[in-house]
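Novice: from the sequence below, what's the structure:
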Amino acid sequence: MKATDVKNFKAGTWIPQYQYKSFLPERINLPWIVTNSAIISKLGEADRYLGKLDAFSELIPDIDFFIKMHVTKEATVSSKIEGTQTSFEEALIKEEDINPEKRDDWKEVHNYIDALNQAIDEMETLPISSRLIKQTHRTLLRGVRGKEKLPGEYRASQNWIGSSLKDAVFVPPAHHEIPNLMQDLENFIHSELAAQPIQVPHLIKIAIIHYQFETIHPFLDGNGRIGRLMITLYLLDKKLLQKPILYLSDFFERNRRDYYDNLTLVRKRNDLENWLLFFLTGVIETAQKSIETFQQIIKLRDDIELNQLISLGKKQTDAKRLINELYKQPIMDGLQIAEVLDIHPSTANRLIADFQKLGILEELTGYKRNRIYAFAKYIKLFR
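Specialist: Numbering: from 1, shown residues only. Here you go, the predicted model:
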């Protein structure tokens, strides 16, 4: 099969429907090549930073402690793009401590966390496929807004982006096109394993996959979150990363207008090249920020464990156990701390008081009872 330069990308065709036009994307399972020197340069830089981040993650002891924070931040930001109002700090608090008016948004964020973790576990035995994507979508919409919009099933009706179908900003393909389009997408995800392998640089490939998924918009709700989640799953599946430590939602949120404009320009002008440049810039900036965050975590950890906890004398054993729990769950109340450490509540309260004196924990509520404590310096590193 002859290779196609990305500069000659053909996005698709507008198909007349009743009182509107839907967009039918071209198939993408093709041997794409890149000749644009700016993209080639960006791709090399993105590959280097991704490799550096992956190597860095291998050097950090107990990295799984910190991955939970990365996942929570990703869930918060990706959900925020869709209008959910839960803050990063709120996402770290128990559901019963959340204002009842905010619990639906909190659940959406935690469904995203569950969906991502479940998908990563499923990938031990299941490739990225329609089956995996549907299972992940079912978890994402479980018991929250959108639960009536066919969780875990591709849509059986027309959807659109905008206030109404007539005035839509974008109308995805008709529902009967979805099975073939998603099969083509799945084939492209695993194109290097085909009888006639198609080799495309992985970061170019996932950029095209993300664009195509958002264009197909196969679900009635949750397409944006699933599409962003798939980026991380792809990087893990292809062993570009050993751990789920790179998430682009924060970059997309900070550059929201450019994100949507670049996706739109692919459809309107076949301009895939600028989308690729934007996506690769996101990988570079996000990998750089993730490396900086890990460096700051190591610095904070060394300061606390090598300098501050020493002052606690015989309490150091319980103090080290608590700090390890706080890396995973940096907002807790006294009963939680007593439970996770398996110590008496009064012992937990004395340990909390010591951590407050050291400036490790801060009390959030201002109450005399039912107090909640935050590992504020650590949380700040992920903002």
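Novice: and the helix ranked longest in the chain, what does it pack against?
Specialist: In the chain, ranked by residue count with DSSP state H as the criterion, the top helix is helix 272-303. Here helix 272-303 touches helix 37-59, helix 63-81, helix 202-216, helix 249-254, helix 256-269, helix 376-380, going by 3 or more CB pairs under 8 Å, 6 or more residues apart in numbering; DSSP states H and E. Bear in mind the C-beta positions are built from the backbone N, C-alpha and C, glycine included.
Novice: do you know which of those lies nearest residue 297?
Specialist: Closest approach to residue 297 among the helices and strands packed on helix 272-303 is made by helix 63-81 (6.0 Å; CB to CB).
Novice: and the closest one, what other elements does it pack with?
Specialist: In terms of contacts (3+ CB pairs under 8 Å, 6+ apart), helix 63-81 is packed against helix 88-91, helix 103-122, helix 223-237, helix 249-254, helix 272-303, helix 316-328.
Novice: of the ones you listed, which stretch is the most buried?
Specialist: helix 223-237 (a mean of 22; mean count of other CB atoms under 10 Å).
Novice: could you check the angle helix 63-81 makes with that one?
Specialist: When axes from the mean of the first three to the mean of the last three CA atoms, to 10 degrees is applied, the directions of helix 223-237 and helix 63-81 differ by 150 degrees.
Novice: contacts only, for residue 352.
Specialist: For residue 352, the contact set (CB atoms under 8 Å, 6 or more residues apart in numbering) comprises 334, 337, 361, 373.
Novice: quick check: residue 332 is in a strand.
Specialist: Yes. If the criterion is DSSP: H, G, I helix; E, B strand; the rest coil, then residue 332 is within a strand.
Novice: against residue 220, how distant is residue 231?
Specialist: Taking CB to CB, to the nearest Å as the measure, residue 231 and residue 220 are separated by 22 Å.
Novice: quick revisit: redo the helices and strands packed on helix 63-81 as JSON lines? Include distance to residue 344 and mean pLDDT.
Specialist: JSON lines is the format used below for these (distance: least, CB to CB, whole Å; pLDDT from 0 to 100):
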{"stretch": "helix 88-91", "distance to residue 344": "28", "mean pLDDT": "93"}
{"stretch": "helix 103-122", "distance to residue 344": "30", "mean pLDDT": "95"}
{"stretch": "helix 223-237", "distance to residue 344": "41", "mean pLDDT": "97"}
{"stretch": "helix 249-254", "distance to residue 344": "41", "mean pLDDT": "96"}
{"stretch": "helix 272-303", "distance to residue 344": "27", "mean pLDDT": "96"}
{"stretch": "helix 316-328", "distance to residue 344": "11", "mean pLDDT": "93"}
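Novice: which one of those lies nearest to residue 56?
Specialist: Closest approach to residue 56 among these (CB to CB): helix 272-303, 5.6 Å.
Novice: lowest-pLDDT helix or strand in this protein?
Specialist: Counting by mean pLDDT, DSSP states H and E, the chain has its least confident helix or strand at helix 63-81, which shows a mean of 91.
Novice: mind listing residues that contact it?
Specialist: Identification of contacts with helix 63-81 by CB under 8 Å, 6+ apart yields 57, 60, 86-88, 91-92, 105, 108-110, 112-113, 116-117, 224-225, 228-229, 232, 243-245, 247, 249-250, 252-253, 256, 290, 294, 297, 324, 327-330, 378, 382.
Novice: switch to 7 Å and redo it
Specialist: Applying CB atoms under 7 Å, 6 or more residues apart in numbering, the contact partners of helix 63-81 are 57, 86, 88, 91-92, 108-109, 112-113, 116, 224-225, 228, 243-245, 247, 249-250, 252-253, 256, 297, 324, 327-328, 382.
Novice: kindly report the same for stretch 210-223.
Specialist: 23, 25, 28, 137, 140-141, 146, 149-150, 154-155, 159, 172-173, 178, 181-182, 185, 226-227, 230-231, 263, 266-267, 275.
Novice: what about residue 8, neighbour count?
Specialist: 11 (other CB atoms under 10 Å).
Novice: one more: residue 30?
Specialist: Residues near residue 30, counting by other CB under 10 Å, number 18.
Novice: what count of nearby residues applies to the nearest residue to it once chain neighbours are set aside?
Specialist: Using CB to CB, 6 or more residues apart in numbering and skipping residues adjacent in sequence, the residue nearest residue 30 is residue 4, 5.3 Å away. For residue 4, the count of nearby residues is 14 (other CB under 10 Å).
Novice: thought residue 4 was touching residue 29?
Specialist: No. Checked against CB atoms under 7 Å, the pair residue 4 and residue 29 is beyond contact range at 11.1 Å.
Novice: how is the chain partitioned into domains?
Specialist: Recorded structural domains for the chain (assignment: automatic domain parsing) are 4-291, 294-380.
Novice: which of the ones you listed is buried the deepest?
Specialist: domain 4-291 comes out most buried of the domains of the chain by mean count of other CB under 10 Å, with a mean of 18.
Novice: between the helices and strands packed on helix 63-81, which gets nearest to residue 33?
Specialist: helix 272-303 (12.2 Å).
Novice: so that closest one versus helix 63-81, what angle?
Specialist: Using the same axes, to 10 degrees: helix 272-303 against helix 63-81 is 130 degrees.
Novice: angle of helix 272-303 against helix 202-216?
Specialist: Using the same axes, to 10 degrees: helix 272-303 against helix 202-216 is 110 degrees.
Novice: sweet, I'm off.
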